[in-house]
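Colleague: What follows is a predicted protein model with its sequence.
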There are 2 protein chains.
Amino acid sequence: MKLNSTPRRDGYYMPSELAPHKCTYLLWPERPDNWRDGAKPAQKAFRQVVETIAKYEPVVLGVNQSQYLHVLGMNMRNVSVVEISNNDSWIRDSGATMVINDYGEMRAVDWGFNGYGGTEGGIYYPWDFDDYVGAKMANIEKVDRYEVADFILEGGSIHSDGEGTLLVTEETLLSPDRNPDMTREQIEDKLCEYTGAEKVLWVPYGVYRDEDTNGHVDNICQFVAPGKVVLAWEDNVDDPQHERSMKDLEYLESETDARGRKLEIIKIHVPNPVTITKEEAEGVDSVEGTFPRREGDRLPASYINYYNCNGAIILPVFDDPHDEEAIKTLEGLFPDRVIEPIYAREILLGGGNIHCITQQVPLA
Amino acid sequence: MKLNSTPRRDGYYMPSELAPHKCTYLLWPERPDNWRDGAKPAQKAFRQVVETIAKYEPVVLGVNQSQYLHVLGMNMRNVSVVEISNNDSWIRDSGATMVINDYGEMRAVDWGFNGYGGTEGGIYYPWDFDDYVGAKMANIEKVDRYEVADFILEGGSIHSDGEGTLLVTEETLLSPDRNPDMTREQIEDKLCEYTGAEKVLWVPYGVYRDEDTNGHVDNICQFVAPGKVVLAWEDNVDDPQHERSMKDLEYLESETDARGRKLEIIKIHVPNPVTITKEEAEGVDSVEGTFPRREGDRLPASYINYYNCNGAIILPVFDDPHDEEAIKTLEGLFPDRVIEPIYAREILLGGGNIHCITQQVPLA
């Protein structure tokens, strides 16, 4: 059922992604105006992500009817294939944010969704199916739902430490195409009301050229523990990423979290610039109203867009000299988790990465 | 996952519908070539069934994307609204038969489905979405699945007492448009292999003019307990139903169940003949290939098509002098259950009734 209260009023909060999960949701990629070659290379990469996560926790894979029989026939272990009509497969952004309370109960927060900026700033049209993805997740999980119809938010634009602090970027949350009539303070209030958080940390910038999302936080930094954050880094002062990471670092070093802790910041160097090849660009059906994928365009490649599932970290890698350092850093940070690197160029070509295509359901 | 074994081999069986349920599935009616006036009167009746069952157990309501937002907006208590593309709303027939074992585990049996008789004898075309409904139920419930691709069976053509006996009709199971290459014995073997039953009782006839289904057993008789059956009855010897009920009675009296019990048979008189009015017929979009609903055609009205949910019986009534007797009989048979009569003419106009539009998920 749809509820008329808010999570904060009812004693619910958004746990950290690092807390135990019940399962992970994904959506199967399909649209040929975003995924090259009829989405077949992307589907191969998604399948690898699905089957890797399914080694650690149950996966629910939402599929348009048109691909249902095909995906069902893959007969993947620990994977439920359900029907969820969708415009594109970024369930981190279109899906529900699950909140829990101290009595083992769960509810869903179903944010407004406008295709990353509506008919002006958005990246595809229409987004009518994506707007129901959160409600469908809630209904499949058989939990009640807070519908936040008057507030546009993608799940990839917030990170929670589960102890009262949210990470967001100014770039995304203050972009003019989401909630133009709300002040920074009103946005903070809304976020806290629906995630149970007490403090919002406003990192200034996302990753360079993360134009699809206006710089989602989940590509630039994320919590590895309360009070401890990894940050996408670039040493080369001539690369536009350097200045962005530098400013984010300065901000994070200057702040404390909801519990008053100074933040420890661990840098993870980004891969060398990744650009779209001619062949890749030619494989995408150009469609007016869909964000173009053009030869030579730089993609927002970052290791930070990894996903924390039970006992593992699903890490995008790029066949890049920096891969090894990212793996080593995360191994050091998570001695109890398996680091699962997945070559993720095909996901990146669609505009996001592994974190963007996953959405956790916490264990209540 | 799809399994390569059978329920019998793995120690699973189909419990009685009277055993405790986890929830009930329904599908929302929509097709205007079967449901009059754009299915709006039927939707009203379905909603009453949904909300009545939801008083007693959780309901999962499968909806085509086209009606999703509308149905979600009804915000019904204890009802999950999920997306299940469907051609029509007879989930008793297109849905999965859930089987359980003695260790609290559940699996799904996903029978073949061909629209009640394929392109020759069937009642609509295509039935491609309906054929996936069973798989989708299994995946939403996150249980493994036996796929019986080589055997056509509608769930409304079997009743289980949960103690080794199945009720079927010869009319349906031996109809030439389902499994024409199988003998009666081969059909029995298949039924027992996938329901865990040991004995099949072959009632000769269904209800008169139950042409949509070729005489499904769930409109003519059902178990009220192991060894105890209610039978649709007609006193009037001039009514074609009389001869059918008489033959079925004779058969049931002559048989014993899997445990060797003689059957006790309780008659429930059918309502007076129900025929389609001019207005009702005119409200249906005529479409070549869909079973026609013509003025004056008699409908297979029967009280036996009731549904057993936790603590209640959801009973179709017809504003008929026999309603009261049916209610009284069931009250006598089920002192611990609430009898919930629902005026069901609009469901009957579509060719079935309350049992046909429901499918239980047992508590494992």
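Modeller: Noted; the coordinates are in hand. Numbering: from 1, shown residues only, chains lettered A, B, ... in the order given.
Colleague: Point to the helix or strand of chain A where mean pLDDT is at its lowest.
Modeller: Scoring the helices and strands of chain A by mean pLDDT, DSSP states H and E places helix A:118-121 at the bottom, with a mean of 91.
Colleague: Report the contact partners of the nearest residue to residue A:362 once chain neighbours are set aside.
Modeller: With sequence-adjacent residues excluded and distances taken as C-beta to C-beta, 6 or more residues apart in numbering or on different chains, residue A:362 is closest to residue A:15, at 4.8 Å. Every residue, glycine included, has its C-beta placed from N, CA and C. Contacts for residue A:15 (C-beta atoms under 8 Å, 6 or more residues apart in numbering or on different chains) come out as A:99, A:100, A:160, A:162, A:362.
Colleague: how much space between the fourth one and chain B?
Modeller: Read that as residue A:162. To chain B, residue A:162 is 25 Å away according to C-beta to the nearest C-beta, to the nearest Å.
Colleague: Based on its surroundings, how many neighbours for that residue?
Modeller: 20 (other C-beta atoms under 10 Å in any protein chain shown).
Colleague: Next up, the contacts around it.
Modeller: A:13, A:14, A:15, A:16, A:18, A:19, A:226.
Colleague: try 7 Å this time
Modeller: Listed by C-beta atoms under 7 Å, 6 or more residues apart in numbering or on different chains, the contact partners of residue A:162 are A:15, A:16, A:19.
Colleague: Likewise for residue A:304?
Modeller: Contacts for residue A:304 (C-beta under 7 Å, 6+ apart) come out as A:219, A:220, A:221, A:222, A:230, A:232, A:268.
Colleague: repeat that for 8 Å
Modeller: A:207, A:218, A:219, A:220, A:221, A:222, A:230, A:231, A:232, A:268, A:355.
Colleague: what's the distance between the closest residue to the last one other than its chain neighbours and residue A:232?
Modeller: Think residue A:355. Excluding its sequence neighbours, the residue lying closest to residue A:355 (C-beta to C-beta, 6+ apart) is residue A:305, at 4.3 Å. According to C-beta to C-beta, to the nearest Å, residue A:305 and residue A:232 sit 9 Å apart.
Colleague: what are the ranges of the helices in the stretch 51-200 of chain A?
Modeller: In the stretch 51-200 of chain A, the helices defined using DSSP state H, counting those that start in this stretch lie at A:65-72, A:91-94, A:118-121, A:133-140, A:170-173, A:184-195.
Colleague: Residue A:340: which of the ones you listed is closest?
Modeller: Closest approach to residue A:340 among the helices of the stretch 51-200 of chain A (C-beta to C-beta): helix A:91-94, 17.6 Å.
Colleague: could I have that closest one exported to PDB, CA atoms only?
Modeller: The C-alpha trace of helix A:91-94 is given here as PDB (Å, rounded to 0.1, in the frame of the first residue of the first chain):
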ATOM      1  CA  ILE A  91      17.500   0.500 -11.600                       C
ATOM      2  CA  ARG A  92      19.800   2.300  -9.200                       C
ATOM      3  CA  ASP A  93      18.100   5.400 -10.400                       C
ATOM      4  CA  SER A  94      14.500   4.300 -11.300                       C
END
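Colleague: per-residue confidence for the closest residue to chain B within the stretch 101-250 of chain A?
Modeller: Proximity to chain B, evaluated over the stretch 101-250 of chain A using C-beta to the nearest C-beta, is greatest for residue A:139 at 4.3 Å. pLDDT for residue A:139: 98.
Colleague: That one touches residue B:76, doesn't it?
Modeller: No: counting by C-beta atoms under 8 Å, residue A:139 does not reach residue B:76; the two are 11.1 Å apart.
Colleague: which of these two has more neighbours?
Modeller: Higher neighbour count among residue A:139 and residue B:76: residue A:139, with 26 against 17, using other C-beta under 10 Å.
Colleague: quick one: pLDDT of the residue nearest to residue A:85 when sequence neighbours are not counted?
Modeller: Distances taken as C-beta to C-beta, 6+ apart put residue A:129 closest to residue A:85, at 4.3 Å, once the chain neighbours are dropped. pLDDT, residue A:129: 97.
Colleague: Would you list the phi and psi of residue A:129?
Modeller: In terms of degrees, to the nearest 10, the main-chain angles of residue A:129 are phi -70, psi -40.
Colleague: which residues does it contact?
Modeller: A:85, A:86, A:87, B:65.
Colleague: now do residue A:280
Modeller: Contacts of residue A:280 (C-beta under 8 Å, 6+ apart): A:36, A:293, A:295, A:349.
Colleague: State the phi and psi torsions of the third one.
Modeller: For residue A:295, the backbone dihedrals (degrees, to the nearest 10) come out as phi -50, psi 130.
Colleague: The closest residue to residue A:343 other than its chain neighbours: what's it in contact with?
Modeller: Once flanking residues are discounted, residue A:343 sits nearest to residue A:317: 5.8 Å by C-beta to C-beta, 6+ apart. Residues counted as contacts of residue A:317 (C-beta under 8 Å, 6+ apart) are A:303, A:323, A:326, A:327, A:341, A:342, A:343, A:344.
Colleague: What helix or strand is the fourth one located in?
Modeller: Taking DSSP states H and E as the definition, one finds residue A:327 inside helix A:323-333.
Colleague: For that helix, give me every contacting residue.
Modeller: A:224, A:228, A:230, A:266, A:268-269, A:271, A:303, A:306, A:313, A:315, A:317, A:337, A:339, A:341.
Colleague: try 7 Å
Modeller: Here helix A:323-333 has contacts from A:224, A:266, A:268, A:269, A:303, A:313, A:315, A:317, A:339, A:341, using C-beta under 7 Å, 6+ apart.
Colleague: Which one of the helices of the stretch 51-200 of chain A lies nearest to residue B:238?
Modeller: With C-beta to C-beta as the measure, helix A:65-72 is the member of the helices of the stretch 51-200 of chain A nearest residue B:238 (49.3 Å).
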